[in-house]
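[1] fold the following for me, if possible:
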Amino acid sequence: MVIFNRIPQRRGCMAGFLAAVVCLNMAPAAAAMITWGAPAFVAGDNDVSTTGTLKYAYCWNSTNLALNGVTFTGTLSNTAVGSDISITCSSTSGWAGTSDFFFRTPAGIDGNSPYGKFLAGGLFTDYQYTYAMTLKNLTSGHTYMLQIWSCSAYYNGGVTVIKDESGDSVSLIKNKNAATGPGQYGIGTFTANAATQLLNISGTTGGSGDKSVVINGLQVREINGTGVIAINKNIATAADNLQNAGIYDLRGRLVGISENGKLPQGVRAGIYILKSTTISGATAKHCAIK
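    Numbers count the residues shown, from 1 in each chain. Down below sits the predicted model:
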């Protein structure tokens, strides 16, 4: 190795020690795991989460679109989205690109509304091709929420799969009812262990000529300091007093009040944000399952 060649022979033992330290320091960290909630079918502007603080939001459209108070910056790039996202397609010759009108608006949503325009545009590939998408400008140790849409009211069926490096994934139905839609969005949370987070995006060809990947838009929000993320009916509360804490879903809607650190009756197990004055300055974290 080059590092040994540059260290004098008389310091061989120390060189070996230093090389071992360097190797340990350069070892890649384990990939950050994204914990996904259940996908939901698009319904209206209120689909857009306002939990935490917006980091960035983009839509594959030629114009900026404001949804539920969140401004999505329009882009028609399939390689780089400002300094926040980089994209690589597995094909350099296959059909892959962007469109701000091709996927149409699903039934029940006004095509002239901002949400209608949002869902009619997209980043796409055809057939077996995939995208590697890197989210940038993250802070290691901070907790983020990712919301991402896949809706294609054009061809039959099909699923877009978003997978992180750890292998966890969410599968979004692009089109529930043939040419009328709707598609789905997914919300996941992760604690960054680097300045970037890689997403591998693939899909299925649910019908003849169906686009195997469709992404209409996404947003990344920082949720540090908002509370504790619960991923089961029982919430681990060893370090925090969460009695009578407000329980919010990932779209920022109050769903109940905690009962001695547990989700109240009638609230299904899932991913939630808890807000309590006793932990107002705490850093959001994933809870242990009990």
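[2] make it CA atoms for all contacts and neighbour counts henceforth
    Will do.
[3] my read: residue 101 touches residue 112, true?
    No: between residue 101 and residue 112 there is no contact under CA atoms under 8 Å: 11.2 Å.
[4] more neighbours, these two?
    Set residue 101 next to residue 112 and count neighbours by other CA atoms under 10 Å: residue 101 wins out with 18 against 10.
[5] how near is the more buried one to residue 63?
    Computed as CA to CA, to the nearest Å, the residue 101 to residue 63 distance reads 12 Å.
[6] pLDDT below threshold where in this protein?
    Where the chain drops to pLDDT under 70, the residues are 1-31, 92-94, 155-157, 178-179, 205-211, 225-245, 250-251, 258-272, 274-290.
[7] can you list the domains in it?
    Structural domains assigned to the chain are 35-222, 225-290, following automatic domain parsing.
[8] now do the longest one: distance from first to last residue.
    Right, domain 35-222. Termini of domain 35-222 sit 15 Å apart (CA to CA).
[9] stretch 74-86 too?
    15 Å.
[10] list the contacts of that stretch.
    The contact list for stretch 74-86 (CA atoms under 8 Å, 6 or more residues apart in numbering) reads 56, 58-65, 87-88, 97-100, 123, 133-137.
[11] same deal with stretch 58-73?
    45-46, 48-50, 56-57, 74-77, 98-101, 114-115, 117-118, 121-123, 215-219.
[12] now swap in stretch 98-107 and tell me
    Here stretch 98-107 has contacts from 60-62, 76-78, 111, 116-124, 151-154, 179-183, using CA under 8 Å, 6+ apart.
[13] from those residues, keep the buried residues only.
    Buried members of the contacts of stretch 98-107, counted by 16 or more other CA atoms under 10 Å: 60-62, 76-78, 111, 116-124, 151-154, 179-183.
[14] spatially, what comes nearest to residue 34 if we skip its sequence neighbours?
    Excluding the flanking residues, the one nearest residue 34 by CA to CA, 6 or more residues apart in numbering is residue 190, at 4.7 Å.
[15] that neighbour belongs to a strand, doesn't it?
    Yes: membership of residue 190 in a strand is supported by DSSP: H, G, I helix; E, B strand; the rest coil.
[16] please name the bridge partners of it.
    Beta-bridge partners recorded for residue 190 (DSSP bridges): residue 144.
[17] measure it to residue 224 for me?
    11 Å.
[18] what sits in contact with each of those two?
    Contacts common to residue 190 and residue 224, judged by CA under 8 Å, 6+ apart, are 143, 144.
[19] picking that back up, in strands only, show me the contacts of stretch 98-107.
    122, 123, 124 (DSSP state E).
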